[in-house]
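A.B. asks: any chance you can model this:
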Amino acid sequence: MKAAIGRVLILAAATLTKTACGFQQQQQLSTSKRITPTVSTTKLTMTTTEDDTNSIISNADHILFDMPVSNNGARCRIILYKKDISTKNQVEIVSPMKLGGLKSKEYLAKSPQGLMPCLSIQKEDNNPYGISSLAESDTIARYLLSEYNTLGPSFLPDHPKSNQICRWHDVYLTSIQGCLYKPSSRLPVGDYADRKSALAAYRKNLNVIEGFLGDDDDDEEKMSTTYLCGEEISLADATLFPSAVFATYMLPKFDEDLDNPQPPLPPKLTQWFDNLRNNDEVFSKVYDEIMDPLVNSWEAKNHRWDTIWLAGLRDTAPGSLFDKIIAGEIPAAIVKEDDHILAFKDINPLAPAHILVIPKDRNGLTNLRQATAEHVDILGKLLVAAGEIAKDTELGFGDGARIVINDGEDGGQEVMHLHVHVLGGRKMAPKFD
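C.D. replies: Presented below is the predicted three-dimensional model:
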């Protein structure tokens, strides 16, 4: 096969071992309030043999490198299933592990960001595109719709509403979906420095997509059509449905009141999602493909959400005096305030100028030792505010200030809500007591 179209040569035949990503019996999870829906026994089989990467991976015209849990890859699988495209001869689905994993040299040569899905174009003939692989799900999906336009439904590739939903999904949902499952060490997500703000933005953008569906129905909370753009399936359905699987399973884990959770999807999207999941064979199949690893591997085996902030880990410490100051229940001489921080004069000053700077949302920061990557942004805001206050001569500061964070009982902390002391107005001794 020609190197220009991504085929790999072999000097001796290699046996391809296919490993089924089967469903295991769902286990009872120990964490209270965890949602563990029943998963059917539908299986998605993908080539996952980790033999010599110089061997022939597939003789199909295309290889879709993907795994069942990938919501972005799932939009492409929906197209394959709906169009009845042969997953043996036309587009074979292969795990990236076949090339050594997402970060292997071989896979990165095809998908520079090391993400799923990735489509390798292997056809020897009739490949006028001058490219051997595609590495973005929307691009792959539209390629498949063009390449196999005579098969099955068209997916309405030029429908304005469908394209608007697809674009909004890819720019404003997929870019921050990591807030639903990534550990603190992999923050920030998108434009959001902390998980709480990213989760709020995720919900907001689901509501924006709900708004695209219009309000001309007799009942504004009900869908009048089967699919997002009418009675014919569109690319918007294939794009949004897999992410709705993520949302319905993961968002409830982050509800502040687990006894009264918010609906993960707005009303119309809920009806649309439930209808496709229960009544459309292909969407039901893809739902099961995604849910199998989520339930049986991510949750039951790896306990992924047990150590994720705002899901398995929460701020359970009692409130403090500062909460009442923030709420306005106790008066304070406020000198600086914005959406994130509050600064006020200490009622028992240890210097002519003594200001306390606190985060408005404690978010687990009872003291500095509780800080994680979830708190990088607010910690920076606290120090920037402290520096600005230390320059304010009207507050009594002169040439500099002492900026201190007391941490815990041994550190002299009295209020269990992280706060920064800004002291000045006199020359400080160079040593602490």
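
A.B. asks: neighbours of residue 235, how many?
C.D. replies: 26 (other C-beta atoms under 10 Å). C-betas here are computed from N, CA, C, even on glycine.

A.B. asks: residues touching the spatially closest residue to it that is not a sequence neighbour, list them.
C.D. replies: Closest residue to residue 235 apart from its sequence neighbours, by C-beta to C-beta, 6 or more residues apart in numbering: residue 155 at 4.7 Å. Residues in contact with residue 155 (C-beta atoms under 8 Å, 6 or more residues apart in numbering) are 79, 82, 141, 145, 162, 233-235, 238.

A.B. asks: can you check residue 103 too?
C.D. replies: The contact partners of residue 103, by C-beta under 8 Å, 6+ apart, come to residue 114.

A.B. asks: wasn't it part of a helix?
C.D. replies: No - membership of residue 103 in a helix is not supported by DSSP: H, G, I helix; E, B strand; the rest coil, which gives coil.

A.B. asks: that one and residue 109, how far apart?
C.D. replies: Plainly put, residue 103 is 12 Å away from residue 109 if you go by C-beta to C-beta, to the nearest Å.

A.B. asks: please apply the same query to residue 194.
C.D. replies: Relative to residue 109, and taking C-beta to C-beta, residue 194 is found at 35 Å.

A.B. asks: more neighbours: which of those two?
C.D. replies: residue 194 (22 against 12).

A.B. asks: which strand or helix spans residue 247?
C.D. replies: Residue 247 is located in helix 235-250, with elements delineated by DSSP states H and E.

A.B. asks: name the surrounding residues that touch the next helix or strand after that helix.
C.D. replies: Using DSSP H and E, the helix or strand that follows helix 235-250 towards the C-terminus is helix 267-279. Around helix 267-279, the neighbours that count as contacts under C-beta under 8 Å, 6+ apart are 206, 209-210, 213, 221-223, 226-228, 237, 240-241, 244, 248, 263, 265, 283-284, 287.

A.B. asks: can you rerun that using 7 Å?
C.D. replies: 206, 209-210, 213, 221-223, 226, 228, 241, 244, 248, 263, 265, 283-284, 287 (C-beta atoms under 7 Å, 6 or more residues apart in numbering).

A.B. asks: can you check stretch 380-388 too?
C.D. replies: Counting by C-beta under 7 Å, 6+ apart, residues outside stretch 380-388 touching it are 336, 340-341, 343, 357, 359, 403, 420, 422.

A.B. asks: in that stretch, what counts as buried?
C.D. replies: Across stretch 380-388, burial judged by 16 or more other C-beta atoms under 10 Å covers 381-382, 385-386.

A.B. asks: pLDDT of the longest strand anywhere in the chain, averaged?
C.D. replies: When the chain is parsed with DSSP state E, its longest strand is strand 353-359. The average pLDDT within strand 353-359 is 98.

A.B. asks: packing partners for that strand?
C.D. replies: The contact analysis (3 or more C-beta pairs under 7 Å, 6 or more residues apart in numbering; DSSP states H and E) places strand 353-359 against strand 341-345, helix 376-390, strand 420-424.

A.B. asks: pLDDT of the longest one, averaged?
C.D. replies: Same thing as helix 376-390. 98.

A.B. asks: likewise for the last one?
C.D. replies: Confidence over strand 420-424 (mean pLDDT, whole number) is 98.

A.B. asks: repeat for stretch 150-169
C.D. replies: The average pLDDT within stretch 150-169 is 98.
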